[in-house]
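Engineer: A predicted structure for the sequence below; I have some questions about it.
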Amino acid sequence: MLENSSHSSEPPASVSVSPIALSSLASPMPTSSVADSIKTSTLSALQQAQASCEAGDWSATMAACESAIAACESAIAQQVSIQNLFNTAEALQQQGNISEAVRAYLKILQQQPRTYRVYTRLRYNLMRYDIDEGDPILQEIVEGCQAIVDSTPGFQAAQVTLGYGLTKLGKTQAATECYRQASRLVTQRRSALTDNNNPAHESAAAALLSNPAAKLAVESAPDLENSRCSPDFVVIGAEKCGTTSLFQYLSQHPEILSPIEKEIDFFDEEYKHGLNWYLAHFPALPVHAPTQPGALALHQVIGETSANYLYHNLAPARIFECFPKIQLVVLLRHPVDRTISRYNMMVRNGSETRTLEAAFAQALRQIEKATTPDGIAWAVLNRCRHIGNSLYYYHLQRWLSYFPLKQLLVLPSEALFADPAQTLSELCRTLKIDSPPPNQTYAKYNAGDYSAVSPAVRHRLNAFYQPYVGKLEALLSQSFAWELSA
């Protein structure tokens, strides 16, 4: 580790990171990344250089500057090393060498535990799609994440990944408790925050912290007897329509409680783990309002976002059985744009190797062959997902066979992209909460970058989707400004 240059006038030697065997996680994981330590050393060296310069000690100034340069070089070398290791892990994953890919990702976390994209790969790619339940490599993931959680309490990314690793190992109760602990931490953090521009929010937050009954509900495991942790709304899709951005915007709102992760996927992929497993993902709200004199209750709603619910054949019935009065929200994007975006996402993930033209042509042939006067079978839509996921009419028709139209809010993705504040305000009105604060930020998340398709492909897709968009608009009594002219 680089010495702090404030203790020496000589520039320290360059840092070298000891290699860690891919097959082992024996060494303890640090509580902060090597890069963070180097950053601290660099800043200390620069402060020493400034002080020496102001004192007129040019020799000490030069030594401190050289120390800062050495620290910067070490930081760059460390980042290059991490990126190379990440590239190696991705290559192993694409080659199907899943166990070694996992070990490469875990090696990164040994060096830099706060490398968030590693948790994304482990939780949302490898464990979801490539690792079977009970696979021994899951134990290595669990042990690695547990070490980070133990050394860095409250680190949500590690805790969520740990919970899913336990889930895949069949340890549902341990996973549920892991999620509950993460949810408690979210509740406590939100309770400690106050909105300085809103006295009502400040009073409510203070009351939640000071009221013994409310505090007990926050600290207890979420259950329907002591607290409310069931969702008021769910964003059911659609995939590649801006749901990640919307989730981030909702998470910033002071009156919305989001779960500890996006894409819980309970009502499609994880239903067998039970409702308690699902509810453990949500921060708990006290059932009763604060009772202290003068305390104001802050109205809050709970909701989640799982973009694949829209497409699952059983999700509508499952949600209706559990939460028949829930508010449904769906983002819908121009079907051709969404189709192209999904194709490119799957190429980046390594799961699509066909050319765009070949993939679309094959899907269109299968769907057109399966189309009857009664519609298109769900199994065919599910098999041809590049095209089938953009046939919103059939998917929403299935949802509206359970839920009334008044419980479904359909938001055009184009409106979200163009004016996120206005779109979020529309959603807030539906949820009967205040509009987003004026200082809320609206960064774009998961924005794809890919080449434009040929005019011939877009022409073919426009012609295919045009009648289905007409059916969709009639179903919803809502128009979309999508250009689909042939």
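Structural biologist: Cool, got the structure.
Engineer: how about the helices in the stretch 251-400 of the chain?
Structural biologist: Shown for the stretch 251-400 of the chain, the helices assigned by DSSP state H, counting those that start in this stretch span residues 275-279, 315-322, 335-349, 356-370, 378-383, 385-388, 392-399.
Engineer: contacts for the fifth one, please.
Structural biologist: If I follow you right, that is helix 378-383. Contact with helix 378-383 is made by 311, 313, 366, 367, 370, 388, 389, 391, 394, 395, 398, as judged by C-beta atoms under 8 Å, 6 or more residues apart in numbering. Placement of C-beta: from N, CA and C, glycine included.
Engineer: which of those residues tops the neighbour count?
Structural biologist: When neighbours are taken as other C-beta atoms under 10 Å, the top entry among the contacts of helix 378-383 is residue 395 (27 neighbours).
Engineer: roughly how far apart are that one and residue 308?
Structural biologist: When distance is defined by C-beta to C-beta, to the nearest Å, residue 395 is 11 Å away from residue 308.
Engineer: now the common contact residues for those two.
Structural biologist: Common neighbours of residue 395 and residue 308, counting by C-beta under 8 Å, 6+ apart, are residue 237.
Engineer: dump the contacts of helix 378-383 to JSON lines, plus distance to residue 265.
Structural biologist: Output for the contacts of helix 378-383, formatted as JSON lines (distance: C-beta to C-beta, whole Å):
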{"residue": "311", "distance to residue 265": "11"}
{"residue": "313", "distance to residue 265": "14"}
{"residue": "366", "distance to residue 265": "25"}
{"residue": "367", "distance to residue 265": "25"}
{"residue": "370", "distance to residue 265": "26"}
{"residue": "388", "distance to residue 265": "18"}
{"residue": "389", "distance to residue 265": "15"}
{"residue": "391", "distance to residue 265": "21"}
{"residue": "394", "distance to residue 265": "21"}
{"residue": "395", "distance to residue 265": "16"}
{"residue": "398", "distance to residue 265": "18"}
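Engineer: mind picking the two most distant members of these?
Structural biologist: Farthest pair in the contacts of helix 378-383 (C-beta to C-beta) is 366 and 398. Separation: 19.6 Å.
Engineer: export the helices of the stretch 251-400 of the chain to CSV and tack on distance to residue 237 and mean pLDDT?
Structural biologist: Shown next, in CSV, are the helices of the stretch 251-400 of the chain (distance: least, C-beta to C-beta, whole Å; pLDDT from 0 to 100):
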stretch, distance to residue 237, mean pLDDT
helix 275-279, 18, 96
helix 315-322, 10, 97
helix 335-349, 10, 93
helix 356-370, 19, 96
helix 378-383, 13, 95
helix 385-388, 12, 96
helix 392-399, 8, 98
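Engineer: got the ones you listed as TSV, with distance to residue 50 columns?
Structural biologist: Listed next are these as TSV, based on distance: least, C-beta to C-beta, whole Å:
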stretch	distance to residue 50
helix 275-279	53
helix 315-322	59
helix 335-349	44
helix 356-370	55
helix 378-383	62
helix 385-388	57
helix 392-399	59
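Engineer: looking at the ones you listed, which is closest to residue 121?
Structural biologist: Closest approach to residue 121 among these is made by helix 335-349 (10.1 Å; C-beta to C-beta).
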